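Q: give the three-dimensional model of this entry:
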Amino acid sequence: MRLKRSSWYAVVIVSAVATSALLTGSATAARTPGWRIDSVVFQDDPVIPPLPGDLIADSASDAWAMWYHSPYPYVGHWTRGAWHDVTMPKSLTPGLSVVAFGASSPRNVWVFQEYPSNVAVRYNGTHWLAQSMPSWVVDDAHASDNSVDAVAAGSSSVWVFNTYDRYIPGSPQDHYASWYNGRGWTRTNLPGVPYSADALATNDVWVLGATVKTAGTRQPVWIMMHWNGKSWSSAAIPLPKIPKGATLTDDSLVAVTSRNFWIEQLVTNPQRVLADYLMNWNGKRWQRVSPPVELGPLAEDGYGGIWTAAGGSGTHYHFYHYSAGHWTRYMAPVISYNVAANPQGLAWIPGGRSMWAWDSETLSGEEPSSTVGVIFRYGP
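A: Below is the predicted model of the structure:
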């Protein structure tokens, strides 16, 4: 998985740390069950720069977290009801620069790197292994600007996409997908240039992108692409009204079922955000939803709704839940007496209504200053 640009400041590293200075916030519009600090998982002194990362929950009892720290990435594994440190063999990770991360089970975890880009690091449930692969799986040009997306599916497969990054001028516009099926790699052409991907199964893969002719232009034609196990198909996405001189960007694909998915549509001009929409395909029609705030990271709730996290006034941040046509707001917990959480990512925990979220912040008022990583949880 590759985080959207606004979410690349997440860091969560599993270790023991004192929690005496931590406080938990209360929800402003809903108090039960609310969000809470589940684990204080990292504290580094002296302060380090914020690290990109991600967290993937593949079941109610299993989740993986990765933080792209050099020279060795930090890995956390949720199992047996708690977060545990995972040590990757240093022989596999000399100067490992992570560009994408995917996991679908305790036996199918993938880490893709910038160099050497033709070798991935894979966990098979017992051992970490070096997995050789063709050079086109992770294109060097995309690896250098971190525009790579990986989605694991099934018991042993993974999809890799060299995505277009609108934040990088001149970003390459490749339009193919790479699939490892448990035995070898296959390259398939896509109907368009990929921006974001999600997978529900090996034969149910969704990709948000733009047509080959319009990708990278001021007004790309946005499409949804779908892999049914044999071939790719595509369909157009309805456009909102766009003022003259503005730009439309579709982003943050979240696939819920094969007939239900969410995307974000962002309308901007060079000065500011003009509009931010949620678009939902329910299997029959598109629905456009206007959120109460500019959207942050997105995640499904397991019941057809969607979660996001966004800032409020001052240092106040909130979680927002959309379900059955209504928005509910929850205050993000306070990390320290002078630091509110700014959640950088969300993940649904399969099998119920519980959620993970994570953040990293600098405790500048502490002595000495330090960077702290926190995992939040909603529900049981």
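Q: hey, let's count contacts and neighbours off CA atoms from now on
A: Fine.
Q: which residues of the stretch 201-350 of the chain fall in strands?
A: Along the stretch 201-350 of the chain, the segments classed as strands by DSSP state E, counting those that start in this stretch run 204-211, 222-227, 232-236, 247-257, 260-268, 273-281, 286-289, 298-300, 306-311, 317-323, 326-331, 334-336, 339-340, 345-348.
Q: I'd like those as TSV, with distance to Gly95, mean pLDDT and mean neighbour count appended.
A: Shown next, in TSV, are the strands of the stretch 201-350 of the chain (distance: least, Cα to Cα, whole Å; pLDDT from 0 to 100; neighbours: other Cα atoms under 10 Å):
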stretch	distance to Gly95	mean pLDDT	mean neighbour count
strand 204-211	31	95	24
strand 222-227	35	96	22
strand 232-236	36	95	14
strand 247-257	30	91	21
strand 260-268	35	93	20
strand 273-281	38	94	18
strand 286-289	44	94	14
strand 298-300	31	97	24
strand 306-311	33	91	22
strand 317-323	35	93	21
strand 326-331	38	94	18
strand 334-336	31	77	22
strand 339-340	32	68	20
strand 345-348	25	94	26
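Q: make CSV from these and add distance to Ala120 to it.
A: CSV is the format used below for those (distance: least, Cα to Cα, whole Å):
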stretch, distance to Ala120
strand 204-211, 21
strand 222-227, 23
strand 232-236, 25
strand 247-257, 24
strand 260-268, 29
strand 273-281, 34
strand 286-289, 38
strand 298-300, 27
strand 306-311, 31
strand 317-323, 35
strand 326-331, 39
strand 334-336, 35
strand 339-340, 36
strand 345-348, 24
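Q: to Pro94, which of those lies closest?
A: strand 345-348 (27.4 Å; Cα to Cα).
Q: could you give the mean pLDDT of the helix or strand that that closest one is followed by?
A: Once the chain leaves strand 345-348, the next helix or strand it forms, by DSSP states H and E, is strand 355-362. When pLDDT is averaged over strand 355-362, the result is 84.
Q: report the angle between strand 355-362 and strand 317-323.
A: Using axes from the mean of the first three to the mean of the last three Cα atoms, to 10 degrees, the inter-axis angle of strand 355-362 relative to strand 317-323 is 160 degrees.
Q: parallel or antiparallel, list what pairs with strand 355-362.
A: Strand 355-362 has these partner strands in its sheet, going by DSSP bridges: strand 345-348 (antiparallel), strand 371-378 (antiparallel).
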